[in-house]
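>>> Have a look at this prediction, sequence included:
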Amino acid sequence: MQLTIQEVEHIAELAKLDLSDAEKEQYREQLSSILEYAAMLQNIDTGDIPPTASVLPEQSILREDNIQEPLSPDSVLQNAPQKKDQQFKVPIVMENGQ
């Protein structure tokens, strides 16, 4: 499918591109080539190929969920720069009314 210069200008306008005449011709050739290749792919018979979400084998990338004893509050807070009532103490992020 060969694009016209007017179609390239329309695409450039949609993309907010200001193209020179040489660039319009270059993009006309490149976009036409891409569309011709896509049209060629549309003609391939894929009826015997099952739909897939991925060509990679299914596997979990997550680690096993092993149940462990939880950390004690003291061990969690042992390196905290400031703590109060078994909680992290942090500077005020926002004042009231802001």
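On my side now, so go ahead.
>>> what comes into contact with the helix ranked longest in the chain?
Longest helix in the chain by number of residues (criterion: DSSP state H): helix 21-42. Under the criterion CB atoms under 8 Å, 6 or more residues apart in numbering, residues 1-5, 7-9, 11-12, 19 lie in contact with helix 21-42. For glycine as for every other residue, the C-beta is placed from the backbone atoms N, C-alpha and C.
>>> Roughly how far does L14 sit from P73?
Shown here: L14 relative to P73, a distance of 58 Å by CB to CB, to the nearest Å.
>>> Now do the buried residues in the longest helix of the chain.
Neighbour counts over helix 21-42 (16 or more other CB atoms under 10 Å) mark 24, 27-28, 31-32 as buried.
>>> In CSV, please show the C-alpha coordinates belonging to it.
The C-alpha trace of helix 21-42 is given here as CSV (Å, rounded to 0.1, in the frame of the first residue of the first chain):
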residue,chain,number,x,y,z
ASP,A,21,9.4,18.0,1.9
ALA,A,22,12.4,15.6,1.9
GLU,A,23,11.3,14.2,5.3
LYS,A,24,7.7,13.8,4.0
GLU,A,25,9.0,11.8,1.0
GLN,A,26,11.3,9.7,3.3
TYR,A,27,8.5,8.9,5.7
ARG,A,28,6.1,8.1,2.8
GLU,A,29,8.5,5.5,1.6
GLN,A,30,9.2,4.0,5.0
LEU,A,31,5.6,4.0,6.2
SER,A,32,4.5,2.5,2.9
SER,A,33,7.1,-0.3,3.3
ILE,A,34,5.8,-1.0,6.8
LEU,A,35,2.2,-1.2,5.7
GLU,A,36,3.1,-3.5,2.8
TYR,A,37,4.9,-5.8,5.2
ALA,A,38,1.9,-5.8,7.6
ALA,A,39,-0.4,-6.6,4.7
MET,A,40,1.9,-9.5,3.7
LEU,A,41,1.6,-10.8,7.3
GLN,A,42,-2.2,-10.7,7.2
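>>> can you tell me which residues contact the residue of the chain most remote from its centre?
The C-alpha centroid of the chain is most remote from D85, which lies 42.0 Å away (CA atoms, centre = their mean). For D85, the contact set (CB under 8 Å, 6+ apart) is empty.
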